[in-house]
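Colleague: Turn this into a structure:
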Amino acid sequence: MLTEHAKIMKAFSEAGEIIGRKKLQKMIYIAKKVNFPFYERYDFHFYGPYSEELTLRVEELCNLGFLDEIKEKKGGYFQYRYTLTETGEQFLSHYQLEDMPPLKECIVDLNEQNARFLELVSTVLYFENLDKAEVAEKIQTLKSKQRYTADEITEAYAYIEKLRGQVICS
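Modeller: Numbering: from 1, shown residues only. Alright, predicted model coming up:
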């Protein structure tokens, strides 16, 4: 019944703590795009791919007491910190996720990246059906305020290949 929720909980379990809603959205989207079995639907929004389904699942997990959400004031905005609770760990320990390949290496790697870079990587993946020049043009148009450089876009492509290699090797 809660299989998709358990998969999200597994990501939190492997990451330890995830700081930021935007970062969480990008981490799950990128993991999905490199072949981890996350099935939330994503649309393109202001900060790149965004899933209302993921937002609702996280909210449900918080309401069930499986996730701890801490809201912190950071300058002119709020930042959210998420960790799996002890109750969440107990629930997850009884859950079998047969279709979930080893996630730790990928999730830890994603969690070590900053949200700006993950926004770029997720945007590249969102438009991966286009050729690289068209993707770069989309990024320059849709993400003009971020001022991504050609080198950063190249780095995003290399990072995607690295992550895909982790999934194959797992």
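Colleague: okay, residue 144: pLDDT?
Modeller: The model reports residue 144 with a pLDDT of 88.
Colleague: brain fart, residue 126
Modeller: 97.
Colleague: Correct me if wrong: it contacts residue 43.
Modeller: No: counting by C-beta atoms under 8 Å, residue 43 is not a contact partner of residue 126; they are 9.5 Å apart. Heads up, the C-betas are built off the backbone N, CA and C, glycines and all.
Colleague: Neighbour count: these two, which is higher?
Modeller: residue 126 (19 against 9; other C-beta atoms under 10 Å).
Colleague: Which residue, neighbours along the chain excluded, lies closest to the more buried one?
Modeller: residue 49 (5.0 Å; C-beta to C-beta, 6 or more residues apart in numbering).
Colleague: same check, this time on residue 134
Modeller: In space, residue 134 is closest to residue 127, 7.3 Å off (C-beta to C-beta, 6+ apart).
Colleague: ditto for residue 33
Modeller: In space, residue 33 is closest to residue 125, 4.3 Å off (C-beta to C-beta, 6+ apart).
Colleague: Tell me how many other residues surround that neighbour.
Modeller: Counted with other C-beta under 10 Å, residues neighbouring residue 125 total 22.
Colleague: what about residue 78, which helix or strand?
Modeller: Assigned by DSSP states H and E, residue 78 falls within strand 77-84.
Colleague: Please give the centre-to-centre distance between the longest helix anywhere in the chain and its chain.
Modeller: Longest helix of the chain, by residue count under DSSP state H: helix 150-169. Relative to its parent chain, helix 150-169 has a centroid offset of 15 Å by C-alpha atoms, centre = their mean, to the nearest Å.
Colleague: repeat for stretch 66-85
Modeller: Stretch 66-85 sits 16 Å away from the centroid of its parent chain (C-alpha atoms, centre = their mean).
Colleague: From one end of that stretch to the other, what's the distance?
Modeller: End-to-end distance of stretch 66-85 (C-alpha to C-alpha, to the nearest Å): 5 Å.
Colleague: any idea how far residue 87 is from the residue nearest to residue 126?
Modeller: 30 Å (C-beta to C-beta, to the nearest Å).
Colleague: Residue 76 now?
Modeller: Relative to residue 87, and taking C-beta to C-beta, residue 76 is found at 34 Å.
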